[in-house]
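Engineer: My questions are about this predicted structure, shown below with the sequence.
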Amino acid sequence: MKPDNTQTQIIRLTPDGAQPNLNPVLEVISGNVMDIGQILPVGRFPQIIGRDPLADLSLNDERASRRHVMISELKKIDGKSAIKIKDLNSTNGTTINGKPITEGWCQIGETIGVGGILVLFRLEDAAKVRNMGTHLQLISKDSLTNTYNRRAFDHFLNQEHEKFRASGRPYCLIMLDVDDFKKVNDTLGHPAGDEVLKRLTQTLFSGIRLTDMLARVGGEEFVILLTNQRSAGATILAERLRTAVSTMNLDDLRPEFRITVSVGIAECSQAIGRAEQVYQVVDSAMLEAKRAGKNRTIVAAVENPGTPFPDASPAATAASGDILAS
């Protein structure tokens, strides 16, 4: 008997032209570099696009309003998917294919203008959409704390510094580092250490404005970019955050367990030519807070970025609730 050399193939047959598992999505195709490539699967429930971090498609472009536009309906028009777009009284308006609208329908292949952002309505494979979402998260966000990562922070800092050089609009950096964090991991274990960092970021998020940017730039090191802010206001906020962290309830991890942070502040200055120098100054301020005893805030003197700390004088330090004068 001859051996059976036949091979069995199972082939899924689909009608000509059929495209299985395609979902309608919105994709940011131009505008802020941190927004380009974002994908929003479109469903049958209302969705919001805007600068609000809680928006379904959250944008980083300042020309977008916090709640800029709403997708209120998804249906077929002439056999093609279409979404109903409604402008939410935005400052800079909404367009469909370049034409200003207050309300209208956007079909597959058409674009929506939101501030300085252009969004394309198209079809995409469902599995690819999931992979894209994961990839974009890895590009700009820290997976543990859901804060921005160092790459995204550097982008925003350079962008803000260019605005300062062009218009003089001030900004400040606040850097916070958890004191003796190694002891947290050694005493409670790394899973508990991760939980501490998550709760820390929740506390920080609750104390800052929507226009402020929070990023994790090291293991237990965070930085906040405060737009349109001077050092006096940044100091008040930093002290409020430092106190809030020191009073966080962590009793479920260990009774009476508490953490503290050392904080540095730097304000942009004409004496500083590059954004990375502002970062270096705030990092030095935070390290000086560590050396001065931890659980305190130090404001850097940015007029001479090479030597911001002649000493750790009381006028340059705040601890245990004292508000420091810049």
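Structural biologist: That came in fine, so what should we check first?
Engineer: Skip the chain neighbours and tell me the closest residue to M70.
Structural biologist: Nearest non-adjacent residue to M70, counting by C-beta to C-beta, 6 or more residues apart in numbering: K86, 4.8 Å away. Where you see a C-beta, it was placed from the backbone N, CA and C, and this is true even at glycine.
Engineer: swap in R254?
Structural biologist: L188 (6.1 Å).
Engineer: now do D142
Structural biologist: Spatial nearest neighbour of D142, chain neighbours left out: R216 (4.4 Å); criterion: C-beta to C-beta, 6+ apart.
Engineer: quick one, what contacts that neighbour?
Structural biologist: R216 is in contact with 142, 144-145, 147-150, 197, 201, 222, counting by C-beta atoms under 8 Å, 6 or more residues apart in numbering.
Engineer: before we move on, what SS does F45 have?
Structural biologist: Secondary structure assignment for F45 (DSSP: H, G, I helix; E, B strand; the rest coil): coil.
Engineer: What is the neighbour count of it?
Structural biologist: 10 (other C-beta atoms under 10 Å).
Engineer: for the stretch 201-326 of the chain, what spans make up the strands?
Structural biologist: Assigned strands in the stretch 201-326 of the chain, in chain order: 213-216, 221-227, 261-267, 296-299, 317-319 (criterion: DSSP state E, counting those that start in this stretch).
Engineer: Please identify which of those is closest to V282.
Structural biologist: strand 261-267 (3.8 Å; C-beta to C-beta).
Engineer: the inter-axis angle of the closest one versus strand 221-227?
Structural biologist: For strand 261-267 against strand 221-227, the angle by axes from the mean of the first three to the mean of the last three C-alpha atoms, to 10 degrees is 30 degrees.
Engineer: domain ranges for this protein?
Structural biologist: Per automatic domain parsing, the structural domains of the chain span 22-139, 150-319.
Engineer: In JSON lines: the ones you listed, plus mean pLDDT.
Structural biologist: Formatted as JSON lines, the domains of the chain follow (pLDDT from 0 to 100):
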{"stretch": "domain 22-139", "mean pLDDT": "86"}
{"stretch": "domain 150-319", "mean pLDDT": "87"}
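Engineer: As a check, name the ranges of all helices in this protein.
Structural biologist: Under the criterion DSSP state H, the chain contains helices at 126-140, 150-167, 181-188, 190-207, 231-246, 275-291.
Engineer: just these: most buried one?
Structural biologist: Neighbour counts (mean count of other C-beta atoms under 10 Å) averaged over each of those peak at helix 275-291, with a mean of 21.
Engineer: Distance from the chain centre to that helix, please.
Structural biologist: Its chain's C-alpha centre and that of helix 275-291 lie 21 Å apart, by C-alpha atoms, centre = their mean, to the nearest Å.
Engineer: Next: stretch 169-177.
Structural biologist: Relative to its chain's centre, stretch 169-177 lies at 15 Å (C-alpha atoms, centre = their mean).
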